[in-house]
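**Q** Dropping a prediction and its sequence here:
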Amino acid sequence: MRTLVSLLVAISSLHASPEIVERAQVLYQKTDYPASLRILEHDPTPDAANYLLAGKNYFMLENYERATQYFEKARELAPSVADHHLWLGRAYGRRAETEGWFMASARAAKARQYFESAVALDPHNAEALNDLFDFYLNAPGFLGGGTEKAEAIAHRIEHERPAEYHHEMALLADHRKQYADAIVHLRKAIELAPREVGRTLDLARYFARLGRVEESDVVFAEAEMQWPGDRHVAYARAKFYVDHRREPEHARQLLELYLKSDLTPDDPPKRAAEKLLRQVGTW
């Protein structure tokens, strides 16, 4: 009887991972990364999905070395899954930025290799294409970067994702110091995706970066009118105010609104908003 019970427990445990990963995923989406990890640690049969999610949690906690270890485990179990390569590329990219100059080149080279393999495995993976574009655009030639490579990636999405294509063409134009062309592309992205708040914020932030503060203010005001109470608008405009040491009370209100919002892993972390709030307090 005990043998039968043990066998049934063993069999049932084989199906435990999907349910555990699902519960952990809910917490990850709520940015409760430590709680998500605690659930994953109790998975009796961790699989590639478990390891990928654990790595993403560590990545968001800025423990990039530990994240790399888990992404490697996920890739070893399922080497043909593009997302495993994508997240390895991201982890090595952050390690290149944070672990000192001595290992930076080697880490960056690994990041490029994994971004490229992610795209090779899934040529329509939007995030992998975006990350590979960013790498090619910003990395020096000796690490495999280059504007021609970046432009080739941009053209791959021209018909499938036209708004994102114009965003990437704006980044290329800016890189080439063709600022007027960059603005044209950003406006075209808004025209193609008028319901995507990020497109309008891209233009507002770009005007601010060029020092065209009044034009930036106008676009931010339009965004607030079109998307009242939106957390993305709140954070972006608050950061604009902080960067230019303007409107401290409005900045404080926007940051408090943002901190009360339900954030996701795609949003700037609360610690970033809290840092801005502390800066406002010093004026």
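**A** Cool, the structure landed.
**Q** Run through the residues that contact the residue nearest to A104 when sequence neighbours are not counted.
**A** The shortest distance from A104 to any non-neighbouring residue, by CB to CB, 6 or more residues apart in numbering, is to A96 (4.7 Å). All C-beta spots, glycine's among them, are computed from the backbone N, C-alpha and C. For A96, the contacting residues are 103-105, 107-108, 111, by CB atoms under 8 Å, 6 or more residues apart in numbering.
**Q** would you list every one of the helices in the stretch 151-283 of the chain?
**A** 162-175, 179-192, 197-209, 213-226, 231-243, 248-259, 270-281 (DSSP state H, counting those that start in this stretch).
**Q** Tell me which of those sits nearest to H84.
**A** helix 162-175 (23.1 Å; CB to CB).
**Q** what secondary structure does L52 sit in?
**A** helix (DSSP: H, G, I helix; E, B strand; the rest coil).
**Q** Tell me the helices and strands packed up against the helix or strand where K149 lies.
**A** Assigned by DSSP states H and E, K149 falls within helix 147-156. Other elements packing on helix 147-156 under the criterion 3 or more CB pairs under 8 Å, 6 or more residues apart in numbering; DSSP states H and E are helix 126-138, helix 162-175.
**Q** circling back: okay, the helices of the stretch 151-283 of the chain in JSON lines with mean pLDDT next?
**A** Formatted as JSON lines, the helices of the stretch 151-283 of the chain follow (pLDDT from 0 to 100):
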{"stretch": "helix 162-175", "mean pLDDT": "98"}
{"stretch": "helix 179-192", "mean pLDDT": "98"}
{"stretch": "helix 197-209", "mean pLDDT": "98"}
{"stretch": "helix 213-226", "mean pLDDT": "97"}
{"stretch": "helix 231-243", "mean pLDDT": "98"}
{"stretch": "helix 248-259", "mean pLDDT": "97"}
{"stretch": "helix 270-281", "mean pLDDT": "95"}
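**Q** closest to S117 out of the ones you listed?
**A** Of the helices of the stretch 151-283 of the chain, nearest to S117 by CB to CB is helix 162-175, at 20.7 Å.
**Q** Let's see that closest one as PDB, backbone CA atoms only.
**A** Only the C-alpha atoms of helix 162-175 are listed here, as PDB (Å, rounded to 0.1, in the frame of the first residue of the first chain):
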ATOM      1  CA  PRO A 162       5.400  49.400 -39.400                       C
ATOM      2  CA  ALA A 163       5.200  51.700 -36.300                       C
ATOM      3  CA  GLU A 164       8.100  49.900 -34.700                       C
ATOM      4  CA  TYR A 165      10.000  50.100 -38.000                       C
ATOM      5  CA  HIS A 166       9.700  53.900 -38.000                       C
ATOM      6  CA  HIS A 167      10.700  54.000 -34.300                       C
ATOM      7  CA  GLU A 168      13.900  52.100 -35.200                       C
ATOM      8  CA  MET A 169      14.500  54.300 -38.200                       C
ATOM      9  CA  ALA A 170      14.200  57.300 -35.900                       C
ATOM     10  CA  LEU A 171      16.900  55.800 -33.700                       C
ATOM     11  CA  LEU A 172      19.100  55.300 -36.700                       C
ATOM     12  CA  ALA A 173      18.600  58.800 -37.900                       C
ATOM     13  CA  ASP A 174      19.500  60.100 -34.400                       C
ATOM     14  CA  HIS A 175      22.600  58.000 -34.400                       C
END
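**Q** Return the distance of Q25 relative to R156.
**A** 30 Å (CB to CB, to the nearest Å).
**Q** And the contacts of the helix ranked longest in the chain?
**A** Taking DSSP state H as the criterion, the chain has its longest helix at helix 101-121. Helix 101-121 is contacted from outside by 80-83, 85-86, 88-90, 92-93, 95-97, 99, 125, 128-129, 131-132, 135, 139, 143-145, using CB under 8 Å, 6+ apart.
**Q** any idea how far that helix is from the chain center?
**A** 17 Å (CA atoms, centre = their mean, to the nearest Å).
**Q** cool, and stretch 146-158?
**A** With CA atoms, centre = their mean, you get 20 Å for stretch 146-158.
**Q** likewise stretch 141-161?
**A** That offset, for stretch 141-161, works out to 19 Å (CA atoms, centre = their mean).
**Q** Kindly provide the whole-number mean pLDDT of that stretch.
**A** Confidence for stretch 141-161, expressed as mean pLDDT, is 97.
**Q** No further queries at this time; thank you.
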